[in-house]
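Asks: okay, here's the prediction I keep looking at, along with the sequence it came from:
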Amino acid sequence: MADFVGAVDQGTTSTRFMIFDHSGNEVGKHQLEHSQILPQAGWVEHNPVEIWERTSSVIRTALNQNNLQASDLAALGITNQRETAVVWNRRTGRPYYNAIVWQDTRTDRIASALEREGKGDVIRQKAGLPPATYFSAGKVQWILENVDGVREAAEAGDAVFGNTDTWLLWHLTGGVDGGVHVTDVTNASRTMLMNLETLDWDDELISFFNIPRQMLPEIRPSSDPNKYGETLANGPLGGVVPLTGDLGDQQAATVGQVCFNPGEAKNTYGTGNFMLLNTGTELVRSKAGLLSTMAYKFGDDAPVYALEGSIAVTGSAVQWLRDQLGIISGASETETLARQVEDNGGVYFVPAFSGLFAPYWRSDARGAIVGLSRFNTNAHLARATLEAICYQSKDVADAMEKDSGVKLEVLKVDGGVTANELCMQMQADILGVPVSKPVVAETTALGAAYAAGLAVGFWNNTDELVQNWNEDKRWSPEWNDEQRAAGYKGWEKAVQRTLDWVDVD
């Protein structure tokens, strides 16, 4: 058998291709950013063609840089930014519109109408999700209603939909020449259209959004021994490799962090933050503002569920300091700047740029910086930005404890922000529990590789994957209970200041 497994990690700001060996170690990678298209306030788009071109490029470059070819890969997995919706013509391969990104808030009227009409509780019961701008179905409805010719093409079977995993799988397996139109249970569970119990598209949910059913991809396991398809000999890999793994990015990180037992949780620090708690084969319905969602499904095994807390803006708040305010030139400078002050100087920053996600679910909220005085500097704002990442994670961790009855003992972390030592120490201080980072921090790509490799026998079982996990660093809390309570009280007051800012019909 080949010595390696490949994984495409198609994220919100960039796409990378990573190659792993049997021990789960990184062998090679290449990464490219793509454009963030912001047509107006609250709108966030990506160019799907650019994403496919970047994906092709990172695959070719990573293989070439490491003198590898398709025959060196036992399987290929995909992980992706979830909820970002692409609608394209399956005969021409051309998108009808830019991909509407998960952060986009243009569908707030659609979400509000669902609640008003009493459909919200049906969506919560069947899909495990609240009606929100976050999820894919409203974005597809918007395209059907606002882009000329799409509804007619959809009803004729020509216009199809997918999250970015489906878009890339279709291209990798042939595109207009027989490309497969599939997704996995984790991505399907982020649409508001899949029934969590049947693991199939639900006719009643589909009717709420007036989406023709033939637009939707086939739902498959996250790790599929029957494979979704194969890469083309003339494609970016330059050879035939089975495509056998597909997971939304946060579920992929859960697999990469080997959270296979009920009660195990991980927190991924990326553009947003996403905390998932494995609830096993039991579908736990949240009463505290979390999402009931899929964790993964391996082959014919029973599906595994999770509770998820999704936070829209964390790492992207650091990007905002760099790109919009210009107070840093790179993300790493945030730590240096924040260390110039001992505390936040009374400043709190709630980056509700896309409203507030878990556990609040308030699309009427907008970002706010509060507590400012003449005393404050850019260092206080940098520190408040890092604290916002940690306080939002505490909100979610507290909600998980309420829903599950399980007290968090240690938080496994991964993603780009974990390179910020100060932020991880703050996270331990604010939560009051140790924070643990693995040796391989790119657990999202690793999880996609694990799913693909399990399907072809590259790894025999999840016990092998658990043995691969090794701790790199641990941060222990240094704050006392009084500091923790006082800091969180200020955060709660700041959150209240962001609400009722946007009038939502």
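Replies: Yep, that arrived.
Asks: the stretch 201-350 of the chain: helices as residue ranges?
Replies: Remark: helices assigned in the stretch 201-350 of the chain by DSSP state H, counting those that start in this stretch are 203-209, 249-256, 315-320, 333-338.
Asks: tell me which of those helices sits most buried.
Replies: The highest mean neighbour count among the helices of the stretch 201-350 of the chain, using mean count of other CB atoms under 10 Å, belongs to helix 249-256: a mean of 32. Just so you know, the C-beta spots here come from the backbone N, C-alpha and C atoms, and that holds for glycine as well.
Asks: could you pull up the mean pLDDT of it?
Replies: Here helix 249-256 scores 94 as its mean pLDDT.
Asks: same check, this time on stretch 110-126
Replies: For stretch 110-126, the per-residue pLDDT averages 94.
Asks: so how far is that stretch off the chain centroid?
Replies: 23 Å (CA atoms, centre = their mean, to the nearest Å).
Asks: what do you get for stretch 368-382?
Replies: 30 Å.
Asks: okay, how far is it across that stretch, tip to tip?
Replies: From its first residue to its last, stretch 368-382 covers 14 Å (CA to CA, to the nearest Å).
Asks: now do stretch 470-482
Replies: The first and final residues of stretch 470-482 sit 33 Å from each other (CA to CA).
Asks: mind listing what's buried in it?
Replies: 475, 477, 479 (16 or more other CB atoms under 10 Å).
Asks: what residues does that stretch touch?
Replies: Stretch 470-482 has contacts (CB atoms under 8 Å, 6 or more residues apart in numbering) with 421, 424-425, 427-439, 441, 487.
Asks: run through the neighbouring helices and strands of the longest helix that the chain contains.
Replies: If you go by DSSP state H, the chain has its longest helix at helix 378-404. Secondary-structure packing of helix 378-404 (3 or more CB pairs under 8 Å, 6 or more residues apart in numbering; DSSP states H and E): strand 265-269, strand 273-280, strand 304-311, helix 315-320, helix 333-338, strand 348-350, helix 421-431, helix 481-497.
Asks: could you rerun that using 6 Å?
Replies: strand 273-280, strand 304-311, helix 333-338, strand 348-350, helix 421-431 (3 or more CB pairs under 6 Å, 6 or more residues apart in numbering; DSSP states H and E).
Asks: CA atoms only: put the longest one into PDB for me.
Replies: Listed in PDB are the C-alpha atoms of helix 421-431, where the atom choice follows Å, rounded to 0.1, in the frame of the first residue of the first chain:
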ATOM      1  CA  GLU A 421       0.900  31.800  23.800                       C
ATOM      2  CA  LEU A 422      -0.700  34.700  25.600                       C
ATOM      3  CA  CYS A 423      -4.200  33.900  24.100                       C
ATOM      4  CA  MET A 424      -3.900  30.300  25.200                       C
ATOM      5  CA  GLN A 425      -2.900  31.300  28.700                       C
ATOM      6  CA  MET A 426      -5.900  33.700  28.800                       C
ATOM      7  CA  GLN A 427      -8.100  30.900  27.700                       C
ATOM      8  CA  ALA A 428      -7.000  28.700  30.600                       C
ATOM      9  CA  ASP A 429      -7.400  31.700  33.000                       C
ATOM     10  CA  ILE A 430     -10.900  32.600  31.800                       C
ATOM     11  CA  LEU A 431     -12.200  29.000  31.700                       C
END
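Asks: relative orientation of it and helix 378-404 in degrees?
Replies: Helix 421-431 and helix 378-404 are oriented at 40 degrees to each other (axes from the mean of the first three to the mean of the last three CA atoms, to 10 degrees).
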